[in-house]
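S.K.: Sequence and predicted model, in that order:
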Amino acid sequence: MQRSVSTLRLSPQIKVKVLNAGFHMLDDIMQVSALELCRETGLSQEEAVEVLQAARKEGGADEGGGSGNGASLTALDLLQKEEELNRIVTFSSRLDAALGGGLPVGKTTEICGAPGVGKTQLCLQLAVDTQVPPCFGGLGGQVVFIDTEGSFMVQRVVDLATAAVHHCTLLAEDAEQQDAVKTFTVESILSNIFLVRCHDYVELLAEIYLLPDFLSLHPKVRLLVIDSLAFPFRQHFDELRTQRTRLLNGLAQQLISMATKHDLAVVLSNQMTTRLQGGRSELVPALGESWGHAPTQRLLLRWAGCQRQATIFKSPDHQEATVNYQITTDGFRDDDESEEPPSKRPRTNTDQSAVL
């Protein structure tokens, strides 16, 4: 089957990802499974299945029996894989329910919002929650936290960690859980957050491209946070949007590849900007319309009067939903005054992902 991958009937974007990962001939592709192809190329599971199907068809594989090497993946396999997907809880039960159990590992999530609404608080909360022991429903993982704005406050992490440890201590029932809380301490939580301070986009890009080597040496990392992605790029590229878009597209592909290959959740915070439309202004996520398609899912944190609200306004798996939340001393939590379930409503102009 000595044919080039470039001859397959696939979109140019998919071909480039496959070729850049070192798969040049059809024989190369037929030796791997769809999940392995995802990890190596950064393709989605659906795209990987499309590549394997095209390879089998062009290579003359039996139409009904597949290749016989375990490379096929059915829709049922994909469903089971999604059901087994690890997730990181937010400690807001309503938001976790709307997200299907929390933020998914292996995918990218963007958190957008105006200053002071709680983006960094949610990022810090996730950094703590990632480390909750598996016997309590957590991942027991480590965290890489990239701070571009100088907003990482270690004392705030201590507050959140103290609350999480106390919560698990109260829940401990069996011997396994009681043993787990002995090592799940504030000190262990702090020691498992690897903090990186980046002062501009050059340092950020350098860190991202060096990160795979670090992740290979630290296989327990389950969360990568960049807080915020927008700040260094908006600071230096106000008039060079074409160059900014090119750099962001490359960065997005690198982050997707790391998420799938190293089995971690990537969380990015983004700022808001003003867009003029129809003679009026509206707040929309920053970094441009093309960037809006890069994250797997997007959350919008905003104020509704004195109430904080979180809206899922882009997700391939979940309907748009809005829940109320609050920022307490213990961290990101449900709003005690809100008893209504997640609401589903028509999308408003404020929620649109089309941006400047």
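M.R.: Done, it's in.

S.K.: Wait, Ala294 touches Ala252, no?
M.R.: Yes - under the contact definition of C-beta atoms under 8 Å, Ala294 touches Ala252, with a separation of 3.8 Å. Bear in mind the C-beta positions are built from the backbone N, C-alpha and C, glycine included.

S.K.: Overlap of the contact sets of these two?
M.R.: Common neighbours of Ala294 and Ala252, using C-beta atoms under 8 Å, 6 or more residues apart in numbering, are Thr108.

S.K.: Residues in a beta bridge with the most centrally placed residue in the chain, which ones?
M.R.: Nearest to the mean C-alpha position of the chain, counting by C-alpha atoms, centre = their mean, stands Thr108 at 2.3 Å. Here Thr108 sits in beta bridges with Val266, as judged by DSSP bridges.

S.K.: what residues are up against it?
M.R.: Contacts for Thr108 (C-beta under 8 Å, 6+ apart) come out as Ala252, Leu255, Ile256, Ala259, Ala265, Val266, Val267, Leu268, Ala294, Pro295, Thr296, Gln297.

S.K.: Now the helix or strand hosting Arg275: buried residues?
M.R.: Assigning secondary structure by DSSP states H and E places Arg275 in strand 272-277. Judged by neighbour count using 16 or more other C-beta atoms under 10 Å, the buried positions of strand 272-277 are Met272, Thr273, Arg275.

S.K.: Pull that strand out as PDB, backbone CA atoms only.
M.R.: Listed in PDB are the C-alpha atoms of strand 272-277, where the atom choice follows Å, rounded to 0.1, in the frame of the first residue of the first chain:
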ATOM      1  CA  MET A 272     -13.600  41.000  26.900                       C
ATOM      2  CA  THR A 273     -13.500  43.700  24.300                       C
ATOM      3  CA  THR A 274     -16.100  46.200  22.900                       C
ATOM      4  CA  ARG A 275     -17.600  45.600  19.400                       C
ATOM      5  CA  LEU A 276     -19.800  48.200  17.600                       C
ATOM      6  CA  GLN A 277     -22.700  46.700  15.700                       C
END
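
S.K.: Starting from the helix or strand just after it, tell me which strands it pairs with and how they run.
M.R.: Using DSSP H and E, the next helix or strand after strand 272-277 towards the C-terminus is strand 280-285. When sheet partners are counted by DSSP bridges, strand 280-285 sits next to strand 272-277 (antiparallel).

S.K.: Now do the domain split for the chain, please.
M.R.: Listed domain ranges for the chain are 5-80, 85-351 (source: automatic domain parsing).

S.K.: roughly how far out does the longest one sit from the chain middle?
M.R.: Between the mean C-alpha location of domain 85-351 and the chain-wide mean there is a distance of 7 Å, by C-alpha atoms, centre = their mean, to the nearest Å.
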